[in-house]
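A.B. asks: What would the 3D arrangement of this be:
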Amino acid sequence: MSTEQPNRFDVLVVGGGIGGLSAALALSRKGLRVRVYERAPEFGEVGAGLQLAPNCTRILNEYGLLGRAKALGVLPEHMIMKDALDAAELTRLDLADVQRRYGYPYLVLHRSDLHGIFHQACRRAGVDLVTDADCTGYENTGRGARVSFADGRVDEAEAVIAADGLHSVARRLLVDDEPVNSAYVAYRGAVPFERVRGHDVHDKAVVVYIGPKCHLVQYPLRGGEMFNQVAVFESPKAVAGRPDWGTPDELDRAFEGTCAQVQAGLPLVWRDRWWRMFDRDPIATWVRGRIALLGDAAHPPLQYLAQGAVMAIEDGWVLAEHVGAQRAGRSTESSGVDWERAFAAYEAVRTEHCRRIVLTARSWGRLWHLDGRARQQRNTVLRDRDVYDYSFTDWVFGPTALRPEDEPELYRPIPLDTETS
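C.D. replies: Residues are numbered from 1 along each chain as shown. Alright, predicted model coming up:
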């Protein structure tokens, strides 16, 4: 093991999810020797579909992975927002025009397929992949950083990237905080498309039905062979502080009164598992010495902007670009990377962008779930929106910023009198 060959690897990545593997690939492309540690017995992802906006497919294209992702996924023609109570269309995005504007497509695919793409790419790149590794501690050393594991193993390298998720161990080095409970829960499910052909569904669109304290997202997967759904609602049990929250009985009650299209979709989500929705308050510091946070360890968002996996992939790309810029020639003693400068540049740009995403996702969730007069106001504003108005997407879908001055201006929030809802 690495204790017998210290510093055999330049970088250790803790966490073998999409964020960890994409960062490992990005760093290996800069000539670094990378090892990834994954807690589970094998590499893999649970869940169903995910959405990749042009700010992500641009990076997949740079890695030479976009063709494979497109072959496994779907390029939807539109993103359509509807009212969950009456099914009326509120607004839409023309995703062909989105591709023309930003240069890269909007893609939907199965989470496990994207994970598999990165896993295979890491193997081809020579990344060392280790499973059954439950990381319990991080520390800086005179030569870099060290990680320790529940079974007594230790390893060290010039730098450690902590991509260890929402419940990150490494984050404790920087801040004493806890995940923030949104009181919302998600039910997911993917079924063969043949099962929904008579349900008035769209086979070439991402559709979201937004309603009072609930919403339903639908889109095709795997070349149109599968149909993905995500049903999200506020749990009264969670609001009341009960531990048994988010159960299927709450799912059914939350969507009472919604339109026929939503009602037809609900029986097809999985009932034996659900995902309680947490994020964390943004933090301005992601780096401690030679240890840096990445992905959900740094900025776990609520899912309303569909940017969680995207942000993690962007993190790895940005970090690798700065590592490449701060690297001299390799020696027998070092990779040649000025890690202090590289980490500082990474932190300087990514913390602000991800802060915006996390906070905007919260406000977007509130917007989706309005009731009463505020719901009517929202619907009016959305119906009046020009389909080709990109003020809500330019700050996200454009090229990923490498410097703070490259970060575009944030969109102007929708003014609503929510106190009267």
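A.B. asks: and Gly20, that's in a strand?
C.D. replies: No: Gly20: not assigned to a strand; according to DSSP: H, G, I helix; E, B strand; the rest coil it is helix.
A.B. asks: Tell me how far it lies from Leu302.
C.D. replies: Distance from Gly20 to Leu302, counting by C-beta to C-beta, to the nearest Å: 21 Å. All C-beta spots, glycine's among them, are computed from the backbone N, C-alpha and C.
A.B. asks: Where is the longest helix in this protein?
C.D. replies: Counting residues, the longest helix found in the chain (DSSP state H) is helix 339-368.
A.B. asks: Packing partners of it?
C.D. replies: Helices and strands touching helix 339-368, by 3 or more C-beta pairs under 8 Å, 6 or more residues apart in numbering; DSSP states H and E, are strand 180-192, strand 275-279, strand 287-288, strand 291-293, helix 308-325.
A.B. asks: now the helix or strand just after it against helix 339-368, angle please.
C.D. replies: Per DSSP states H and E, helix 339-368 leads on to helix 372-384 as the next helix or strand towards the C-terminus. Using axes from the mean of the first three to the mean of the last three C-alpha atoms, to 10 degrees, one finds that helix 372-384 and helix 339-368 are set 110 degrees apart in direction.
A.B. asks: ok, and for whichever helix or strand comes after helix 372-384, which residues are buried?
C.D. replies: Where DSSP H and E defines the elements, the next helix or strand beyond helix 372-384 is helix 394-397. Neighbour counts using 16 or more other C-beta atoms under 10 Å place 395-397 of helix 394-397 among the buried residues.
A.B. asks: and if you look at stretch 325-342?
C.D. replies: Those would be 326-327, 334-335, 337, 339, 342, for stretch 325-342 by 16+ other C-beta under 10 Å.
A.B. asks: What of stretch 201-208?
C.D. replies: For stretch 201-208, the neighbour count (16+ other C-beta under 10 Å) marks 201-202, 205-208 as buried.
A.B. asks: quick revisit: which of Gly20 and Leu302 has more residues huddled nearby?
C.D. replies: Taking neighbours as other C-beta atoms under 10 Å, Gly20 and Leu302 compare with Gly20 leading, 28 against 21.
A.B. asks: roughly how far apart are the residue lying closest to that one once chain neighbours are set aside and Phe397?
C.D. replies: Leaving aside its sequence neighbours, Gly20 sits nearest to Ala163 (C-beta to C-beta, 6 or more residues apart in numbering; 3.6 Å). Remark: distance between Ala163 and Phe397 (C-beta to C-beta) = 24 Å.
A.B. asks: Please read off the pLDDT at the closest residue to Ala320 other than its chain neighbours from the model.
C.D. replies: In this structure, Ala320 finds its nearest non-sequential neighbour in Ala26, 3.6 Å apart by C-beta to C-beta, 6+ apart. At Ala26, the model reports a pLDDT of 98.
A.B. asks: Distance from the chain centre to the helix or strand hosting Ala26, please.
C.D. replies: Using DSSP H and E, Ala26 sits in helix 18-28. Counting by C-alpha atoms, centre = their mean, to the nearest Å, helix 18-28 is centred 14 Å from the centre of its parent chain.
A.B. asks: who's in contact with that helix?
C.D. replies: Around helix 18-28, the neighbours that count as contacts under C-beta atoms under 8 Å, 6 or more residues apart in numbering are 10-11, 13-14, 34, 36, 38, 43, 45, 63, 111, 114-115, 118-119, 121-122, 125-127, 161, 163, 294-296, 309, 312-313, 315-317, 319-320, 323.
A.B. asks: For the next helix or strand after that helix, name the packing helices and strands.
C.D. replies: For helix 18-28, the following helix or strand on the C-terminal side (DSSP H and E) is strand 34-37. When contacts are defined as 3+ C-beta pairs under 8 Å, 6+ apart, strand 34-37 packs onto strand 11-14, helix 18-28, strand 128-130, strand 154-157.
A.B. asks: Quick one, which of those gets closest to Leu268.
C.D. replies: Checking the helices and strands packed on strand 34-37 against Leu268 by C-beta to C-beta gives helix 18-28 as the closest, at 25.1 Å.
A.B. asks: between the closest one and helix 308-325, how big is the angle?
C.D. replies: 20 degrees.
A.B. asks: how close does Gly295 sit to Leu319?
C.D. replies: 11 Å.
A.B. asks: for Ala162, same thing?
C.D. replies: For Ala162, the distance to Leu319 - C-beta to C-beta - is 12 Å.
A.B. asks: Now do the shared contacts for the two.
C.D. replies: Contact with both Ala162 and Leu319 is made by residues 292, 294, according to C-beta under 8 Å, 6+ apart.
A.B. asks: Tell me the spacing between Ile414 and Arg366.
C.D. replies: Separation of Ile414 from Arg366 (C-beta to C-beta) stands at 11 Å.
A.B. asks: tell me, what residue is most central in this protein?
C.D. replies: Residue closest to the average C-alpha location in the chain (C-alpha atoms, centre = their mean): Gly308, at 1.6 Å.
A.B. asks: Grab the nearest non-local neighbour of that one.
C.D. replies: Gly308's closest residue in space is Pro301 (C-beta to C-beta, 6+ apart), at 5.3 Å.
A.B. asks: For the one you found, what are phi and psi?
C.D. replies: With angles defined as degrees, to the nearest 10, Pro301 sits at phi -100, psi 160.
A.B. asks: What count of nearby residues applies to it?
C.D. replies: Neighbours of Pro301 (other C-beta under 10 Å): 24.
A.B. asks: who's in contact with it?
C.D. replies: Taking C-beta under 8 Å, 6+ apart, one finds 279, 307-308, 311, 354, 357-358, 361 in contact with Pro301.
A.B. asks: again, only using 7 Å
C.D. replies: 279, 307-308, 357-358, 361 (C-beta atoms under 7 Å, 6 or more residues apart in numbering).
A.B. asks: can you pick the most crowded of those?
C.D. replies: For those, neighbours tallied by other C-beta under 10 Å; top is Gln307, 26 neighbours.
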